[in-house]
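Asks: got a predicted structure here, sequence first:
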Number of protein chains: 2
Amino acid sequence: MSLPTEIRADLGRFLATLDASSAIGQGRPGGLCRLALTEADRQMRDLFVQWSNEAGLRVTVDGIGSIFARREGVEDLPPVLLGSHLDTQENGGRFDGIVGVLGALEVVRRLNDLGIATRRPIEIVNWTNEEGARFSPPMVASGCFVGGYDLEWALGLKDAEGTTVGQALDAIGYRGPAAVGGREIDSYFELHIEQGDVLDRTGHEVGIVTHAYASHGILVEYRGETAHTGPWPMARRKNALVAGARLLVAVDDLGWEYAATGGKATAARLSASPNKAGLLSDWAEAVCDVRHQDPEVAELMRVRMSRAVAEAGIRSGCETRILDQWSWGGDIFDAAMVGHVRDAADRLGFRGLELPSQAGHDAYFLAKHVPTAMIFTPCKDGITHNHNEMATPAMLEPGLNVLLHAVTARADRP
Amino acid sequence: MSLPTEIRADLGRFLATLDASSAIGQGRPGGLCRLALTEADRQMRDLFVQWSNEAGLRVTVDGIGSIFARREGVEDLPPVLLGSHLDTQENGGRFDGIVGVLGALEVVRRLNDLGIATRRPIEIVNWTNEEGARFSPPMVASGCFVGGYDLEWALGLKDAEGTTVGQALDAIGYRGPAAVGGREIDSYFELHIEQGDVLDRTGHEVGIVTHAYASHGILVEYRGETAHTGPWPMARRKNALVAGARLLVAVDDLGWEYAATGGKATAARLSASPNKAGLLSDWAEAVCDVRHQDPEVAELMRVRMSRAVAEAGIRSGCETRILDQWSWGGDIFDAAMVGHVRDAADRLGFRGLELPSQAGHDAYFLAKHVPTAMIFTPCKDGITHNHNEMATPAMLEPGLNVLLHAVTARADRP
């Protein structure tokens, strides 16, 4: 059945959970710095588990730390999954994926308030390390869940200090006993702020996400040789820092070449060693990516980025090693699932807009295996991954209610 | 008087001091990591002070930690100063400036052995933070000694962890009571490995340094804004990491443009923050420099580097701030002092070559105020600032003896 349109989420209660979250792992004024599997992340996870228990949900944690909070259905069917992630970037905002997890909690609380049972179980999920800010690549837990990544490999990923995902999970007590994936899921919904300015700029209240920008990322290592910055002839230099810088500039240029059709390319990270005045660096590591809403153009950009990776090494006399590559997006979300979102928006009378997602999301991994849809709330001026990220209550309310109604409709479908 | 040519330094004793030094602050196999004012630097300083005391020298430490070890002359005249530095790069070699300080010690020990008194006092010096590897800029203590740098400013320079030169001096107990400079010096000799391959390649035994490459360095800060690496449009990005990378590539290109006449340009350091996958960086700091043996060409390169500094900021939408700039070299060493070196090489029968110095040296600051000369030993294949840096005993012996004879001649001149 569909819920009557008068039934709405409790916005005040939802905002109170968001406020509590905003106090854990505070970063720059107004922002959060809650990197995956840190002490701040543990505190937030503990609070989410407490809320879930209080809501009568059965909480399980899987082998890579993703948390599932299950509300049983009337029948023993695969669950409707909904959620996102509670971790943030180093200079992250208060909304991002947090809205998706706490929004899912509000959906369940509201159904509890009203004593509404659904045919299928409903499960909230908080995915580990969505951001990729501490451990590269991002979306690693949802990737493992659907079998796209190898669990052992993921547990061995290291942060900048050399701590592995496995060690970090043990340190905060979130390496759970549940199997990672390997079970049937009915469908997946993810509510998220848009992380772009389309909804805000065009005055739409909710985003009905139809597909995703195709994105290709790469982690590259260059190895050269240390030498004196003075007398060493240019032709004998093997400065790994220059190799990394050449790659980043080439990738940024690539972004500009495709900007007319909305393409983006990002020089995200460059680390070098010894990276000191007076000395050429013999090691550098760089992370960059390209994105385009047309998968074929994104593939062209990927090929050109790969060429830039090799060229930067050759021109700097350094050895090039590709440590990791990842791709996501390009998927068309499930038509029936997008239909649930569109119907809910229409029935509730919100101005919805069909649009592509530009950022990376756990939903992309899920979409490859499970009917999936995403719902976007507007965010002010598209600012995100920044302490000035802002989604006002008025911006959050439509998406939250669309989630409530779409999930219930899906969970109750015959 | 000139010493009889049969009188030679005690090579074995000199090599023993070099061996002792090579055990303090070991880095990669065969190399040293003895950054200025660290615990390893303190150990080396303590050993040098002990050796100086044992040689009957009067040791004083000045307000920026430079150590002076004085052997009195027959007359109360300004001293002949000789020395270099005991600190190294992060991936430093065992020879570099160490040869100059320990070579100076051997000169004094040999004069002691023979009971030879000189007319002028002879003073050995170990300059603080020559390398600039921990605190930027390099050669900071010799700069203060001649009044080229302000002492308070130098004491406030910070390393990557935020520790100041003053704090680091206090931590190892080497902030001395002696005034920094402000006294008359007769002349300055510095023995150093060439840090280039000219002597090794051409089979010369000793380098008679006539002038120095002119070098211009810069420390730049870029400020942008963090944002999501995905949806944020290229035209709104203010990625400080890209600004830094654009500068480094432009500077490296500049080096290649002037390589035909021996010019060099170096991208030495790039730090960014947050510098994480998923996020544009809002802060970056870069160090780079240009060098040419023709001061006019070096000036042209400097102007072009300055333009690249501004362009990199503008093209990346970032604010540009020049935090520091430095220049050195270009000087012609004192003709009479170069004559002392040339005469000693000739009298001792060594194959000497007149050549410019390409690296930065404390001697450049001294040369602006005091008659100064440098003596180079060959080093294998020109490799330096690298654990494979090598100067064999046969390579060191001629320069060491030229230092002994040139210094004695200078100290005894009427």
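Replies: Cool, got the structure.
Asks: and the helices in the stretch 301-414 of chain A?
Replies: Along the stretch 301-414 of chain A, counting by DSSP state H, counting those that start in this stretch, helices occupy A:335-348, A:362-367, A:393-412.
Asks: let's have the ones you listed in a markdown table, adding distance to A:P356, mean pLDDT and mean neighbour count.
Replies: Glycine gets a C-beta too; all of them are placed from N, C-alpha and C. Output for the helices of the stretch 301-414 of chain A, formatted as a markdown table (distance: least, Cβ to Cβ, whole Å; pLDDT from 0 to 100; neighbours: other Cβ atoms under 10 Å in any protein chain shown):
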| stretch | distance to A:P356 | mean pLDDT | mean neighbour count |
| --- | --- | --- | --- |
| helix A:335-348 | 12 | 97 | 20 |
| helix A:362-367 | 12 | 94 | 28 |
| helix A:393-412 | 17 | 98 | 24 |
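Asks: what's the closest of those to chain B?
Replies: Chain B lies closest, by Cβ to the nearest Cβ, to one member of those: helix A:362-367, at 11.8 Å.
Asks: list the helices and strands that closest one packs on?
Replies: Applying 3 or more Cβ pairs under 8 Å, 6 or more residues apart in numbering or on different chains; DSSP states H and E, one finds that helix A:362-367 makes contact with helix A:140-145, strand A:187-193, strand A:206-212, strand A:372-377.
Asks: the same query, at a cut-off of 6 Å, please.
Replies: Judged by 3 or more Cβ pairs under 6 Å, 6 or more residues apart in numbering or on different chains; DSSP states H and E, the packing partners of helix A:362-367 are helix A:140-145, strand A:372-377.
Asks: so which of the ones you listed is nearest chain B?
Replies: Chain B lies closest to strand A:372-377 among these, at 10.7 Å (Cβ to the nearest Cβ).
Asks: what pairs with the closest one, parallel or antiparallel?
Replies: If you go by DSSP bridges, strand A:372-377 pairs up with strand A:187-193 (parallel), strand A:206-212 (antiparallel).
Asks: pick the most buried one from these.
Replies: Highest mean neighbour count of the strands paired with strand A:372-377: strand A:187-193, a mean of 29 (counted as mean count of other Cβ atoms under 10 Å in any protein chain shown).
Asks: could you give the angle of that strand to helix A:393-412?
Replies: 180 degrees (axes from the mean of the first three to the mean of the last three Cα atoms, to 10 degrees).
Asks: who in the stretch 251-400 of chain A is up against chain B?
Replies: A:252, A:255-256, A:259, A:266-269, A:274-279, A:287, A:291, A:358-359, A:384-386 (Cβ under 6 Å from any Cβ of the partner chain).
Asks: chain center to stretch A:390-403, what's the gap?
Replies: Taking Cα atoms, centre = their mean, to the nearest Å, the mean C-alpha location of stretch A:390-403 is offset from the chain mean by 19 Å.
Asks: please apply the same query to stretch A:103-119.
Replies: For stretch A:103-119, the distance to the chain centre is 25 Å (Cα atoms, centre = their mean).
Asks: next: stretch A:344-364.
Replies: A distance of 16 Å separates the centroid of the chain from that of stretch A:344-364, by Cα atoms, centre = their mean.
Asks: for it, measure first residue to last.
Replies: 22 Å (Cα to Cα, to the nearest Å).
Asks: what's the answer for stretch A:114-123, then?
Replies: End-to-end distance of stretch A:114-123 (Cα to Cα): 18 Å.
Asks: ok, now stretch A:89-106?
Replies: Per Cα to Cα, stretch A:89-106 runs 24 Å from first to last residue.
Asks: what segments of the stretch 201-350 of chain A are strands?
Replies: Using DSSP state E, counting those that start in this stretch, the strands assigned to the stretch 201-350 of chain A run over residues A:206-212, A:214-223, A:264-273, A:283-292, A:319-328.
Asks: and for A:R351, the neighbour number?
Replies: By other Cβ atoms under 10 Å in any protein chain shown, 12 other residues sit near A:R351.
Asks: how is chain A divided into domains?
Replies: A:11-213+A:330-412, A:214-327 (automatic domain parsing).
Asks: out of the ones you listed, which gets nearest to B:K380?
Replies: B:K380 sits nearest to domain A:214-327 of all the domains of chain A, at 13.1 Å, using Cβ to Cβ.
Asks: and the closest one, how far from the chain's centre?
Replies: With Cα atoms, centre = their mean as the basis, the mean position of domain A:214-327 lies at 24 Å from the chain mean.
Asks: cool, and stretch A:335-348?
Replies: Distance, centroid of stretch A:335-348 to centroid of chain: 23 Å (Cα atoms, centre = their mean).
Asks: over to stretch A:68-80?
Replies: For stretch A:68-80, the distance to the chain centre is 24 Å (Cα atoms, centre = their mean).
Asks: endpoint to endpoint, that stretch covers what distance?
Replies: End-to-end distance of stretch A:68-80 (Cα to Cα): 12 Å.
Asks: same check, this time on stretch A:19-28
Replies: Start-to-end span of stretch A:19-28 (Cα to Cα) is 16 Å.
Asks: OK, contacts around A:M139?
Replies: Neighbouring residues of A:M139 by Cβ atoms under 6 Å, 6 or more residues apart in numbering or on different chains: A:130, A:360, A:362.
Asks: below-threshold pLDDT in chain A: ranges please.
Replies: A:1 (pLDDT under 70).
Asks: apply 90 and report the result again.
Replies: A:1-2, A:136-137, A:160, A:228-231, A:276-279, A:328-332, A:358-360, A:368, A:414 (pLDDT under 90).
Asks: so which of the strands paired with strand A:372-377 comes closest to A:T17?
Replies: strand A:187-193 (13.4 Å).
Asks: could I have that closest one exported to CSV, CA atoms only?
Replies: Output of strand A:187-193 as CSV, limited to C-alpha atoms (Å, rounded to 0.1, in the frame of the first residue of the first chain):
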residue,chain,number,x,y,z
SER,A,187,16.3,-3.0,-3.3
TYR,A,188,18.4,-0.1,-2.1
PHE,A,189,17.4,3.6,-1.5
GLU,A,190,20.0,6.3,-0.7
LEU,A,191,19.0,9.8,0.3
HIS,A,192,21.9,12.3,-0.1
ILE,A,193,22.4,16.0,-0.5
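Asks: which residues sit against it?
Replies: For strand A:187-193, using Cβ under 6 Å, 6+ apart, the contacting residues are A:80-82, A:84, A:95, A:97, A:99-100, A:103, A:337, A:363, A:366, A:370-375, A:377, A:379, A:391, A:399, A:403, A:407, A:410.
Asks: again with stretch A:367-376
Replies: A:146, A:185, A:187-191, A:194, A:207, A:209, A:331, A:333-334, A:337-338, A:341, A:357, A:363, A:366, A:399, A:402-403.
Asks: can you rerun that using 8 Å?
Replies: A:81, A:146-148, A:185-194, A:199, A:206-209, A:212, A:331, A:333-334, A:336-338, A:340-341, A:355, A:357, A:361, A:363, A:366, A:399, A:402-403, A:406 (Cβ atoms under 8 Å, 6 or more residues apart in numbering or on different chains).
Asks: coming back round to it: adding distance to A:L18, write the helices of the stretch 301-414 of chain A out as JSON lines.
Replies: Listed next are the helices of the stretch 301-414 of chain A as JSON lines, based on distance: least, Cβ to Cβ, whole Å:
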{"stretch": "helix A:335-348", "distance to A:L18": "21"}
{"stretch": "helix A:362-367", "distance to A:L18": "19"}
{"stretch": "helix A:393-412", "distance to A:L18": "8"}
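Asks: give the residue farthest from the middle of chain A.
Replies: In chain A, counting by Cα atoms, centre = their mean, A:P231 sits farthest out from the average C-alpha position, at 47.1 Å.
Asks: what sits against that one?
Replies: A:P231 touches B:194-196, B:264, B:358-359, B:382, B:384, counting by Cβ under 8 Å, 6+ apart.
Asks: same for chain A: which of these are within range?
Replies: Filtering the contacts of A:P231 for proximity to chain A by Cβ under 8 Å from any Cβ of the partner chain leaves B:194-196, B:264, B:358-359, B:382, B:384.
Asks: just checking, A:K264 touches A:R291?
Replies: Yes - here A:K264 reaches A:R291: they are 4.8 Å apart, a contact under Cβ atoms under 8 Å.
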